[in-house]
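*Asks:* predicted model and sequence follow; I will ask about them next.
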Amino acid sequence: MILTEQAVRAALAEVNDPELRRPITELGMVESVSVTKESLTARILLTIVGCPAADHIENSVRRALETISGDRAVQVELGVMSPEQRGTLISDLTAGKSGNPFTPDSLTRVIAVTSGKGGVGKSSVTVNLAVATAQAGFRVGIIDADVFGFSVPGLLGIEGITPTRINDLMLPPVAHDVKVISIGMFVKPDQAVAWRGPLLHRTLEQFLTDAHFGDLDFLFLDLPPGTGDIALSVGQLLPHGEVVVVTTPQPAAAEVAWRSAEVARQTGQRVIGVVENMAATTLPDGSTLDVFGSGGGDATAKRLGVPLLGSIPLSPPLRQAGDEGVPLVVGNPSDPAAIVLASVAQSIVKAGVSRVGKKLPLSSR
């Protein structure tokens, strides 16, 4: 069987770098290919020494080559990019731009998930909404902006995983097709974070500028509860963001939930709706259990003049899914809470402002 170098490179174009989510042929990672009657060899350049995706890339390349090798022996050789090659890669990834890529001119919709108080399940809601949006075919990222109470890595099952660094560029780990960055990836498990406002602002700014998310359709932010420094920084750095308020049915929670939305509005952000979590649930005997009362979500939505996007029933499987690091919409999509979460994600997708006539950014990607 005649096998050309062009055919080999075409097969390798089907292999994506798991962190950069682009074909290795586009990233300059295929240094050379060699075809003889007896063998088929490809030399692949990893971005850095000790690349955590090395085994995945090697196995994927081998499988791609085996589909076209015929009777030839397949060999995969791994090398590492030179500093010059890494510089070219970074230039390509960033398209020569620096700073915050999520400007009002960006096509990425920024969805900030906030709450008036802690303990309302805001992080679980954020993670499931982001994953449900990714399941719908969108490119999605999450910034865990709850610096003091970070929990997103655990909810996604990626605790202990740190971003790969290519020079000064950070590559957010990927979980359930969502790119994620969190301060929890940079501190020890038993280390508490005690920072003042300026450092909090700088951390969020660094997540926006130094983490390479690539082209995203949606960037979800899990904000800390209340109206503190991070909420103000988000308003300053992402004034075009859209806000989803999470509350419980409890009147006390609803009473303070609107405040976080009002602060967002004061900084120019648009509140698109309210999500009520831990609402009444139906027990096996058909009776209704409303541990946290009722009406809080609807009351908050009416006070803000926005829709109630969904009322998520109290769900032990939702709590269990968080403990196991598998979002409910993935592990148990038929659970009533998962169904509501998926519906809320669809409502958020549909709530976007029309971009007809908006100039598209020039990009080779």
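*Replies:* Yes, it's here.

*Asks:* who's the residue nearest to Leu65 when sequence neighbours are not counted bridged to?
*Replies:* Excluding the flanking residues, the one nearest Leu65 by CB to CB, 6 or more residues apart in numbering is Val74, at 4.7 Å. Every C-beta, even on glycine, is put in place using the N, C-alpha and C of the backbone. Counting by DSSP bridges, Val74 forms beta bridges with Leu40.

*Asks:* neighbours of Val74, how many?
*Replies:* For Val74, the count of nearby residues is 17 (other CB atoms under 10 Å).

*Asks:* what's near enough to touch it?
*Replies:* Counting by CB atoms under 8 Å, 6 or more residues apart in numbering, Val74 makes contact with 39-41, 62, 65-66.

*Asks:* for the stretch 101-250 of the chain, give me the ranges with low pLDDT.
*Replies:* 194-195, 227 (pLDDT under 70).

*Asks:* in it, which spans are strands?
*Replies:* 109-115, 140-144, 164-166, 169-171, 174-175, 178-182, 218-222, 242-247 (DSSP state E, counting those that start in this stretch).

*Asks:* could I get the pLDDT score of Thr4?
*Replies:* Note for Thr4: predicted pLDDT of 91.

*Asks:* and it, backbone torsions?
*Replies:* Backbone geometry at Thr4, expressed as degrees, to the nearest 10, gives phi -100, psi 160.

*Asks:* spatially, what comes nearest to it if we skip its sequence neighbours?
*Replies:* Val35 (7.4 Å).

*Asks:* so the one you found touches Gln6, yeah?
*Replies:* No - counting by CB atoms under 8 Å, no contact exists between Val35 and Gln6, whose distance comes to 10.4 Å.

*Asks:* more neighbours: which of the two?
*Replies:* Legend: neighbour count by other CB under 10 Å for Val35 and Gln6, higher for Val35 (18 against 9).

*Asks:* can you pull the contacts of the more buried one?
*Replies:* 3-5, 8, 41, 72.

*Asks:* what pLDDT does the model give it?
*Replies:* 94.

*Asks:* relative to Ile181, how far out is it?
*Replies:* 41 Å (CB to CB, to the nearest Å).

*Asks:* kindly report the same for Gly235.
*Replies:* Distance from Gly235 to Ile181, by CB to CB: 20 Å.

*Asks:* neighbour count for the two, which is higher?
*Replies:* Neighbours were tallied for Gly235 and for Ile181 using other CB under 10 Å; the higher tally belongs to Ile181 (26 against 19).

*Asks:* just grab the bridge partners of the more buried one for me.
*Replies:* Ile143.

*Asks:* just the helices in the stretch 51-200 of the chain please.
*Replies:* For the stretch 51-200 of the chain, the helices defined by DSSP state H, counting those that start in this stretch cover 54-66, 83-94, 122-135, 152-155, 197-210.

*Asks:* and among the ones you listed, the most buried is which?
*Replies:* Stretch with highest mean neighbour count among these: helix 122-135 (a mean of 27; mean count of other CB atoms under 10 Å).

*Asks:* what average pLDDT does whichever strand or helix holds Val271 get?
*Replies:* Assessed by DSSP states H and E, Val271 sits inside strand 270-279. Mean per-residue pLDDT for strand 270-279: 93.

*Asks:* next, the buried residues of it.
*Replies:* For strand 270-279, burial by neighbour count (16 or more other CB atoms under 10 Å) applies to 271-279.

*Asks:* that one packs against which elements?
*Replies:* Other helices and strands packing on strand 270-279, by 3 or more CB pairs under 8 Å, 6 or more residues apart in numbering; DSSP states H and E, are helix 122-135, strand 242-247, helix 251-266, helix 296-304, strand 308-313, helix 336-350.

*Asks:* distance between it and the chain's centre?
*Replies:* On the basis of CA atoms, centre = their mean, to the nearest Å, strand 270-279 is displaced by 20 Å from the centre of the chain it belongs to.

*Asks:* please apply the same query to stretch 27-42.
*Replies:* That offset, for stretch 27-42, works out to 34 Å (CA atoms, centre = their mean).

*Asks:* alpha carbons only: can I get it in CSV?
*Replies:* The C-alpha coordinates for stretch 27-42 follow below in CSV (Å, rounded to 0.1, in the frame of the first residue of the first chain):
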residue,chain,number,x,y,z
LEU,A,27,0.4,23.6,17.0
GLY,A,28,3.8,22.7,15.4
MET,A,29,4.1,19.5,17.4
VAL,A,30,4.7,17.2,14.5
GLU,A,31,8.4,17.6,13.8
SER,A,32,8.7,14.9,11.2
VAL,A,33,7.2,11.7,9.7
SER,A,34,9.0,8.9,8.0
VAL,A,35,7.4,6.2,5.8
THR,A,36,9.2,3.1,4.6
LYS,A,37,7.9,-0.3,3.4
GLU,A,38,8.6,-1.7,6.9
SER,A,39,7.8,1.2,9.3
LEU,A,40,5.9,4.3,9.9
THR,A,41,7.5,6.8,12.3
ALA,A,42,6.4,10.1,13.7
